[in-house]
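S.K.: Need coordinates for the following:
(one chain, ligands or ions: 2)
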Amino acid sequence: MFRDRGIEIKTREQILSMRAAGLVVGRTLELLRGEVKAGISTGELDAIAEDHIRSSGAVPSFKGYHGFTGSICASVNAEIVHGIPGERVLADGDLISIDCGAIVDGWHGDAAITVGVGEVGADLLELARICEESMWRGFAAAKLGGRLTDISAAVEAYVRANSSYGIVEDFVGHGIGSAMHQPPNVPNFGRPGRGPKLVEGMALAVEPMLTLGKQENHTLEDDWTVVTDDGRSAAHTEHTFTLTPKGPWILTALDGGEAKLAELGIACGALAD
Ligand code: MG
Ligand code: MG
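M.R.: Ligands and ions are numbered 1, 2, ... in the order given. Presented below is the predicted three-dimensional model:
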């Protein structure tokens, strides 16, 4: 069912299918987190991801998406998002963001992690930590009956209060469900209290992208890889979530977000199977 502004409202059963897709994505990313090390290529990580997604009975949603060749995006250092996996070999001190999507029974999950390779500078680890934490502040701010930009404002407020990092404005989170990218856009900045009302059955991907320097960016000649203009490093974290009467349910987190939400004093909205 589509509401006004093209927002897809999922049934309980459809949300449970999205949870199945989310778990495949979450498990794939945890598998990759353990494989990230100096000497492995982004193409090898991609092969591990594709194999794991398919052997889980899911379909890698990135592969073939507008001609994209990978099952993950692998974005290293100054690459913000949409890096194409290939021959690049990771080196000690790199910072890699891995974005992954999977489809189960026609329903999508989409998430991303940023991981340090070997001995990583404290500045890069802090960038990754603030990026992930800002995303969780976004979930914590999402309430049934609230507004979409409550999430955006919470992400921005956390970043601004704890850093002078750039918040990438050209790329945003999104609605997700029977397609990977749906309305509405979910910006990582802005004033609260605006945009569509948050209702049950909505599913959104929240994905802050932060830069050590300025947020201005451009796309390389491969037509995909987005890099910072100033060449400084970037981080990207993402989860897909929905709202139930109990609270937010993080569909791509293995524990549904329970532990992290509890730290923030928020109940997890997980539905029973
Ligand atoms: Mg993604
Ligand atoms: Mg996304």
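S.K.: Which pLDDT value belongs to Asp4?
M.R.: Turning to Asp4, the model gives it a pLDDT of 69.
S.K.: scratch that, Asp273
M.R.: pLDDT recorded at Asp273 is 73.
S.K.: which residue packs closest to it, ignoring adjacent ones?
M.R.: Leu16 (6.6 Å; Cβ to Cβ, 6 or more residues apart in numbering). C-beta here means a position set from N, CA and C on the backbone, and glycine is covered the same way.
S.K.: do Thr219 as well
M.R.: Closest to Thr219 by Cβ to Cβ, 6+ apart is Val226, at 5.4 Å.
S.K.: Pull the contacting residues for the one you found.
M.R.: The neighbours of Val226, taking Cβ atoms under 8 Å, 6 or more residues apart in numbering as the test, are 75, 79-82, 170-171, 217-220.
S.K.: Quickly check: the longest helix along the chain near ligand 2 or not.
M.R.: Longest helix in the chain by number of residues (criterion: DSSP state H): helix 12-35. No: for helix 12-35, no contact with ligand 2 is found by Cβ under 5 Å from the ion; the gap never falls below 10.5 Å.
S.K.: how about the residues of this protein that lie near ligand 1?
M.R.: Neighbours of ligand 1 within the chain, by Cβ under 5 Å from the ion: 99, 110, 112, 238.
S.K.: For the closest residue to Ala154 other than its chain neighbours, give me the backbone phi and psi.
M.R.: Sequence neighbours aside, Ala141 is the residue nearest to Ala154 in space, at 3.5 Å (criterion: Cβ to Cβ, 6+ apart). Per-residue torsions, Ala141: phi -90, psi -10 (degrees, to the nearest 10).
S.K.: Just read off the phi/psi values of the residue nearest to Leu198 when sequence neighbours are not counted.
M.R.: In space, and not counting its chain neighbours, Leu198 is closest to Gly146: 4.9 Å by Cβ to Cβ, 6+ apart. Backbone torsions of Gly146, given as degrees, to the nearest 10, read phi -80, psi -170.
S.K.: Val120: what secondary structure?
M.R.: coil (DSSP: H, G, I helix; E, B strand; the rest coil).
S.K.: thinking again about what came up before, what does the helix or strand that comes right after the longest helix of the chain contact?
M.R.: Counting by DSSP states H and E, the element after helix 12-35 in chain order, helix or strand, is helix 42-55. Outside helix 42-55, the residues within contact range by Cβ under 8 Å, 6+ apart are 24, 27-28, 31-32, 35-36, 59-60, 63, 70-72, 74, 76, 83, 85-88, 90, 96, 98, 100, 102.
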